[in-house]
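Q: Here you go, sequence then predicted model.
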Amino acid sequence: MQLRRSKGLCFNCDERFHTGHRCKHRQFLLLLGDEDSDTHEDPLYALLAPNVPDPTQTPIPSTLLTPNQEPNPHPPPPSPPDSELFQLSLQAATGQPSPRTLRFTATIHNRRVTVLVDSGSSHNIIQPRITSFLHLPVQPLSSFTVMVGNGEHLHCTGICNDIPIVVNDHTFSISLYVLPIQGADVVLGVQWLQTLGPFVSDFTIPSMQFYPHDSLLTIT
């Protein structure tokens, strides 16, 4: 190296070095690493990739340690509706006749049930004895209390989801809260009426007409 310096030669070729000198035959150097060596201990690796985490030091998340873990077999029950918004008329709770209600017969799983359409009740209801008799699945709910018009309190602890109720060959999939009412087997309140769209009711007969599935349905 000192000899080339004293002769004024380039360090990489045999030509004389001067300002702006470029070697005619450039050399390309390829740096190969030893696969058997510990790359993380190489100072060159530490210089070029100082922020690369060491996989041997990275903690494994606990979720990855149990990939076959099953979900909770007993999830918490769904939240019940606001009891202050849950209204149940005295006629729906006791079965007393009223000019604001319409009573008719429908079927659930080919079994006849008495249905009461009541605009004075907010939600759809089914008697516990009907759920037992028809073996309907009841989804548990966090218990809540519903106050009837006469001051009586009824406790609800479950709901039957998407029960097929057949009315004059028309099937309605309706979710029903389980409450110990008297009189009708099923009460359909405003919760169901809101799904019908426009309808005509005549409480002097009484009857109601609407168009489910693009065909006229008359209930009397």
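A: Received it, and whenever you're ready, just let me know what you need.

Q: going forward, measure contacts between C-alpha atoms and count neighbours the same way
A: Will do.

Q: Average pLDDT for stretch 122-139, rounded please.
A: Mean pLDDT, stretch 122-139: 96.

Q: what residues does that stretch touch?
A: For stretch 122-139, the surrounding residues in contact (C-alpha atoms under 8 Å, 6 or more residues apart in numbering) are 77, 85-88, 108-109, 111, 158-161, 174-182, 185-192.

Q: That one spans what distance, first to last residue?
A: End-to-end distance of stretch 122-139 (C-alpha to C-alpha, to the nearest Å): 20 Å.

Q: for this structure, what spans make up the helices?
A: 2-7, 43-48, 62-65, 90-94, 128-133, 190-193 (DSSP state H).

Q: buried stuff in the fifth one?
A: Taking 16 or more other C-alpha atoms under 10 Å as the neighbour-count basis, helix 128-133 is seen to contain the buried residues 128, 131.

Q: and the longest strand for the protein?
A: strand 153-167 (DSSP state E).

Q: and that strand, what does it pack onto?
A: Counting contacts by 3 or more C-alpha pairs under 8 Å, 6 or more residues apart in numbering; DSSP states H and E, strand 153-167 packs against strand 101-108, strand 139-147, strand 170-178.

Q: Could you tell me the least trusted of the ones you listed?
A: When those are compared on mean pLDDT, strand 139-147 scores lowest, with a mean of 89.

Q: list the buried ones in that strand?
A: Result for strand 139-147 [16+ other C-alpha under 10 Å]: buried residues 140-141, 144-147.

Q: Dump those residues to TSV, plus distance to residue 5.
A: Formatted as TSV, those follow (distance: C-alpha to C-alpha, whole Å):
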residue	distance to residue 5
140	92
141	91
144	96
145	100
146	101
147	104
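
Q: What ranges in this protein fall below the confidence cut-off?
A: Applying pLDDT under 70 to the chain flags the ranges 1-2, 4, 11, 17-21, 24-84.

Q: are any of the contacts of stretch 122-139 buried, and which?
A: 87-88, 108, 158-160, 174-181, 185-192.

Q: Nearest spatial neighbour of residue 175, chain-adjacent residues omitted?
A: The shortest distance from residue 175 to any non-neighbouring residue, by C-alpha to C-alpha, 6 or more residues apart in numbering, is to residue 161 (4.2 Å).
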